[in-house]
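1. Let's see this in three dimensions:
(one chain, ligands or ions: 1)
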Amino acid sequence: MVEKQVLLEVSELRKYYPISRGIFRRVAGYVKAVDGVSFSVNQGEVVGLIGESGCGKTTTGRCILRAITPTSGSILFHNGKAQDVTAMNRDELRDYRRNAQMIFQDPYSSLNPRMSVLEIVGEALYVNGVARGRALEDRVRVLMSQVGLKPEHMRRFPHAFSGGQRQRIGIARALALEPKLIVADEPTSALDVSIQAQIINLLQNLQKTLGLTYLLIAHDLSVIRHFSNRVVVLYVGQACEVSDTEELFRAPRHPYTEALLSAVPKPDPKRRGNRIVLGGEVPDPAAAPLGCKFHPRCPYSQEVCRTELPPMIEVSEDHFASCHFSETLKLRAV
Ligand code: SF4
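-> Numbers count the residues shown, from 1 in each chain. The predicted structure is shown next:
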C-alpha cells in the first residue's frame, strides 16, 4: 500500500470578525465565520469542502492561502519541512504562495479586463523573476495548451473569450508557478451546465499529469462525489463530518450530512420524494446556539444536544463525525 503523505494539516482553525457597537465602537461580539475546523489533505488528493452558504467554506480556503489572517489555530504546510502558514513572515509567505494557488469562482470578475492573456498568465512568472521576454511567452504558450486554449490567442483580452475559456485562463494563471496545492473555490458554479463537466475533466486531467493536490470548495454534491477523494462537511463554521467520499455517500453518520445528501437529484422519480427538508434557518454565526449548533434543525435532537457540544469522534476507520448519536442513528444514504 502506498504511504499517504500529508501536505496540509489544518488544526482548530478559527476566524472571528469583531462586531463593533456604540459611539466608542466597542467590540460587542464576534461573527464566528470559522470556529475550530480541523482536517488534513494528503499529497495528490482532492478534498471537498461542502456545506450551505455561509458555513465557512470560502473563509477556510482564504485562511489556508493567508489571503486573510486566521484568528487562531494552525495550518501546517509540509514541503520538505512543516511550516505553519499562520506564522509565516513576508518572505516565507512569498515562497508559500508559489506553492499554493487559487482558482476563483467567477471567471468574469477575477480577470483584469485591461490585461491580455499573456499578461494575466505571465504576471506571476514576471513578478517572481521566473521568466522574462521570450522565455515567458514560451511558458505562457505551454500553459495555454495545457488548459486547452490556443496559444496564438495570448494577446487577446478576456472579453474575447467565453465563460469556460475565461475559467481556463484562470486555471492557467494558477498553474504558472507550478504549485503543489490548489484551492478551487466553486470553480464551475458560475458556468453553464454544459461547460461545467469540461472544466471538472480538465482539473482532473491536470491533477493526474501534474500531480496536483486540490482543496475543492463546492456546494454541488455531484461534483464533489465525482471528483473528490475525501469530504469535509461544514455547518456554521464547524466541521461536522470528515470521511472518504464513497463512504460518506454510502453511510453518512451526521444528520446534517444526511439532509444534504437527500437533496442530491435522483434519476428515479419514485425516489425523489425522499428529500429531507430542514426546518428553521441556518443560525447566525454571531449568535450560534449552545450545544450542538445543528440542534434547532435536527430531526433527531435530544436534551443533551441543547447543552453539550458533541466531540468529533472516529466512528469507523478515517470517518469522523461530531454527533452525540452518530454511532446509533440509522441515517439514509444516497
Ligand atoms: Fe442532531 Fe444531537 Fe446529533 Fe446534533 S448531536 S446532530 S442535534 S442528534
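
2. what ranges do the helices span in the stretch 1-150 of the chain?
-> 57-64, 90-99, 117-127, 133-146 (DSSP state H, counting those that start in this stretch).

3. can you list those helices in a markdown table and add mean pLDDT and distance to Q167?
-> C-beta coordinates here come from the backbone N, C-alpha and C atoms, glycine included. Listed next are these as a markdown table, based on pLDDT from 0 to 100; distance: least, Cβ to Cβ, whole Å:
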| stretch | mean pLDDT | distance to Q167 |
| --- | --- | --- |
| helix 57-64 | 96 | 17 |
| helix 90-99 | 93 | 21 |
| helix 117-127 | 96 | 12 |
| helix 133-146 | 96 | 13 |
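
4. and of those, who's closest to R155?
-> helix 117-127 (6.0 Å; Cβ to Cβ).

5. which parts of the closest one are buried?
-> Going by neighbour count (16 or more other Cβ atoms under 10 Å), the buried part of helix 117-127 is 117-122, 124-125.

6. by how many degrees do that helix and helix 133-146 diverge?
-> Here the directions of helix 117-127 and helix 133-146 differ by 120 degrees (axes from the mean of the first three to the mean of the last three Cα atoms, to 10 degrees).

7. and helix 117-127, what other elements does it pack with?
-> With contacts defined as 3 or more Cβ pairs under 8 Å, 6 or more residues apart in numbering; DSSP states H and E, helix 117-127 has these neighbours: helix 133-146, helix 163-175.

8. quick revisit: winner for burial among the helices of the stretch 1-150 of the chain?
-> helix 57-64 (a mean of 23; mean count of other Cβ atoms under 10 Å).

9. burial of the closest residue to V233 other than its chain neighbours, as a residue count?
-> Spatial nearest neighbour of V233, excluding adjacent residues (Cβ to Cβ, 6 or more residues apart in numbering): E241 at 4.3 Å. For E241, the neighbour count with other Cβ atoms under 10 Å is 27.

10. List the residues that contact E241.
-> Listed by Cβ atoms under 8 Å, 6 or more residues apart in numbering, the contact set of E241 reads 231-233, 248, 252-254, 256-257, 319-322.

11. What are the contacting residues of stretch 89-99?
-> 65-66, 77, 79, 83, 85, 88, 128, 177-181.

12. ok, back up a step: generate a ChimeraX selection restricted to the buried subset of the contacts of E241.
-> To isolate the buried members of the contacts of E241 in ChimeraX, using 16+ other Cβ under 10 Å:
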select :231,232,233,248,252,253,254,256,257,319,320,321,322
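
13. Which of the helices or strands spans E314?
-> strand 313-316 (DSSP states H and E).

14. one step back: quick one: which of the helices of the stretch 1-150 of the chain is nearest E186?
-> Closest among those, using Cβ to Cβ: helix 57-64, at 8.0 Å.
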